[in-house]
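Participant: I'll drop the sequence and a predicted model, then ask my questions.
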Amino acid sequence: MKRGVDGLTDKQRELLDAIITHGDVGKACEALEIDATTAHQRLYRLRKKFATEKRFIETYARYKIRIADTKGTYL
């Protein structure tokens, strides 16, 4: 599984581009000749990754604030 600098796999990026181009998941599936289940699995993994990354960013931001408050240094 090859990931680009944006963290998306080629297939995830291809699906997102197809949804933008064709307007919905069903039409994107037809254009890409993939099953709807496959598309929804890819989207699920994207949402899961987003949630994980979002929690990481929020946690890091809280630590930055705590360090600034206690040490006077902002990371």
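Facilitator: It's in.
Participant: switch to C-alpha atoms for all contacts and neighbour counts from now on
Facilitator: OK.
Participant: give me the buried positions along the helix or strand Ala31 falls within.
Facilitator: For Ala31, the enclosing helix or strand under DSSP states H and E is helix 25-32. By neighbour count with 16 or more other CA atoms under 10 Å, helix 25-32 contains the buried residues Val25, Ala28, Cys29.
Participant: and the pLDDT for the first one?
Facilitator: Just to be clear, that refers to Val25. In this prediction, Val25 carries a pLDDT score of 96.
Participant: do you know how far it is from Ile67?
Facilitator: 44 Å (CA to CA, to the nearest Å).
Participant: picking that back up, looking at the buried residues of helix 25-32, which is nearest Arg45?
Facilitator: Val25 (15.2 Å; CA to CA).
Participant: who are the packing partners of the helix ranked longest in the chain?
Facilitator: Ranked by residue count and defined by DSSP state H, the top helix of the chain is helix 36-71. Here helix 36-71 touches helix 10-22, helix 25-32, going by 3 or more CA pairs under 8 Å, 6 or more residues apart in numbering; DSSP states H and E.
Participant: check which residues of that helix are buried.
Facilitator: Residues Ala39, Arg42, Leu43, Leu46 are the ones in helix 36-71 that count as buried (16+ other CA under 10 Å).
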